[in-house]
Structures are given as structure tokens and as C-alpha cells.
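In: My questions concern the predicted model and sequence given below.
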Amino acid sequence: MDGGEAQPESEMTMIELTERDRDTIVSWVRNCQPEEGCGLLAGKVQDGRKTVHKVYPLENRDASPVHFSLDPRDQFEVLADARMHGWTVLGNFHSHPTTPARPSEEDLRLAFDREACYLIISLIHDVPEIRAFRLTDDGFVPEDIVIVDRTTMDQ
């Protein structure tokens, strides 16, 4: 990920989403069931705060209920669009259709970016659970999720 300063591993960071962003993510991953739904998040980083400006729902190339992968062409298109708007790719999101919103062993095995937000959405209950994580030397640690009003966010 480019943009923003790396945070010390002990510092809590946050990701800001609007209700519309959250609803877009939840709708997308619900429609992808029984497979994992996935996508990317783009926006800006400042003082440990990741502010989402666009959600990019993407196809799960693996069409699997237990893991996902993104088409490199889709990732390139997202990166180009984000750069055109002056944003950076902040991280990814994916669903756990039948398990809790916590990183799986597969998530840990595949994670590599310590600046990225890893947003996980559990669909095991009627109301989806959304949690955010970042990668450290000790594995995943939680990030705060803040739902904000777009009119209060810097554009």
C-alpha cells in the first residue's frame, strides 16, 4: 500500500466507512453466497485513520466458500481508478459465509501487507458481523471500525 505513515504495531488504528459503504459490502457478500464475497477498499490514510472513499466489489476467482482470490486485472483496474482519484488501496474485504468474523488460518497464511486493512464479514447470523484487522509480527490485531456521515469526511 502506498500513502500514509506506517504505524507502530502496538498503536490501534481505525477504518472509517459510511453507512452506504457498509451496505454495499454487506449486499455484495450476501449476493455471493454460498461462496466468499470479496473486494477492495480505496481512500486516504492520515494519522492511523483509514478513510474509505470507494468500495470495489470484485469477483472471487476461486468461487469457494472457504477462500478467495482476486483477478490481477481487476486489481490493476482498481489501482488505476484509485490513483486517478488521489487515493490508495487501503485493504480488502471478504466474507465468511459459515464462520465468525475473525481471521482464519487461510487468511493468516495468505496475508502479507502490514499496512492493509483486512475487513471480514460473517454471515452466520441474520445481522452480519463486520470486523477489521491488520497484520503484525504476532498475527492479526483488531482495528476499530467507525461509521461516519460522508458530509463530515474530507473528500
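Out: Received, thanks. Numbering: from 1, shown residues only.
In: Please point out which parts of the helix or strand bottoming out on mean pLDDT in the chain sit buried.
Out: Every helix and strand of the chain was ranked by mean pLDDT, DSSP states H and E. The lowest is helix 105-110, at a mean of 89. Buried residues in helix 105-110, counted by 16 or more other CB atoms under 10 Å: residue 107. To be clear about C-beta, it is placed using only N, CA and C from the backbone, and glycine gets the same treatment.
In: which residues sit against that helix?
Out: When contacts are defined by CB atoms under 8 Å, 6 or more residues apart in numbering, helix 105-110 is touched by residues 66-67, 118, 120, 139-140.
In: Which one (most neighbours) among the residues you listed?
Out: When neighbours are counted by other CB atoms under 10 Å, residue 120 leads the contacts of helix 105-110 with 24 neighbours.
In: Run through the residues that contact the residue lying closest to that residue once chain neighbours are set aside.
Out: By the measure of CB to CB, 6 or more residues apart in numbering, the closest residue to residue 120 outside its immediate chain neighbours is residue 101, 4.6 Å from it. By CB under 8 Å, 6+ apart, the residues touching residue 101 are 120-122, 128-131.
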